[in-house]
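J.: Give me a 3D structure for the following:
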Amino acid sequence: MGAKGSRDTETGRLAAESLVDRLQPLGAVTAKKMFGGYGVFCEGVMFAIVDSSGACFLRATDATSGPYTERGSQRHGRMPYWAIPDTVLLDDAALTDWASGAIEIATAAK
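T.: Below you'll find the predicted structure:
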């Protein structure tokens, strides 16, 4: 998630904590340090990532990535995660809705 060899950063940690706090209405949302960033899980299923710079990404598929690309979001490398658009990050209801969709996608892929 972070650059190869990068380390956990305060920025990444704070962004992951904020995302977890804001998504508690979805259930048992937690974060775990992974690859220089964080994996974000709901009921044990990873549906989001936060990189070392604090950028947040949700799980999507090529078929469901349209709303992300329409808002100028980029895919996180080759991983099936797309940057959460700023307009979504700033709106708790929209963030919860988009994250719910990401959880469904991640659960179906499991």
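
J.: From Leu90, how far off is Glu43?
T.: 26 Å (CB to CB, to the nearest Å). Bear in mind the C-beta positions are built from the backbone N, C-alpha and C, glycine included.

J.: And the residue nearest the centre of the chain, how close does it get to Asp97?
T.: Centroid-nearest residue in the chain, with CA atoms, centre = their mean: Ala48, separated by 2.7 Å. Applying CB to CB, the value for Ala48 to Asp97 is 14 Å.

J.: Low-confidence regions, this structure specifically.
T.: Residues of the chain that meet the criterion pLDDT under 70 lie in 1-8.

J.: Quickly find the element holding Ala106.
T.: helix 92-109 (DSSP states H and E).

J.: can you pull out the helices in the protein?
T.: With DSSP state H as the criterion, the chain has helices at 10-22, 66-70, 86-89, 92-109.

J.: can you put those in TSV and add distance to Phe35?
T.: Shown next, in TSV, are these (distance: least, CB to CB, whole Å):
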stretch	distance to Phe35
helix 10-22	11
helix 66-70	21
helix 86-89	22
helix 92-109	17
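
J.: Redo the ones you listed as TSV? Include distance to His76 and mean neighbour count.
T.: Output for the helices of the chain, formatted as TSV (distance: least, CB to CB, whole Å; neighbours: other CB atoms under 10 Å):
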stretch	distance to His76	mean neighbour count
helix 10-22	13	17
helix 66-70	11	13
helix 86-89	15	15
helix 92-109	13	17
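
J.: Nearest approach to Met79 belongs to which of the ones you listed?
T.: helix 92-109 (11.9 Å; CB to CB).

J.: helices or strands up against that closest one?
T.: helix 10-22, strand 45-50, strand 56-59, helix 86-89 (3 or more CB pairs under 8 Å, 6 or more residues apart in numbering; DSSP states H and E).

J.: Measure how that helix sits relative to strand 45-50, angle-wise.
T.: On the basis of axes from the mean of the first three to the mean of the last three CA atoms, to 10 degrees, helix 92-109 is oriented at 130 degrees to strand 45-50.
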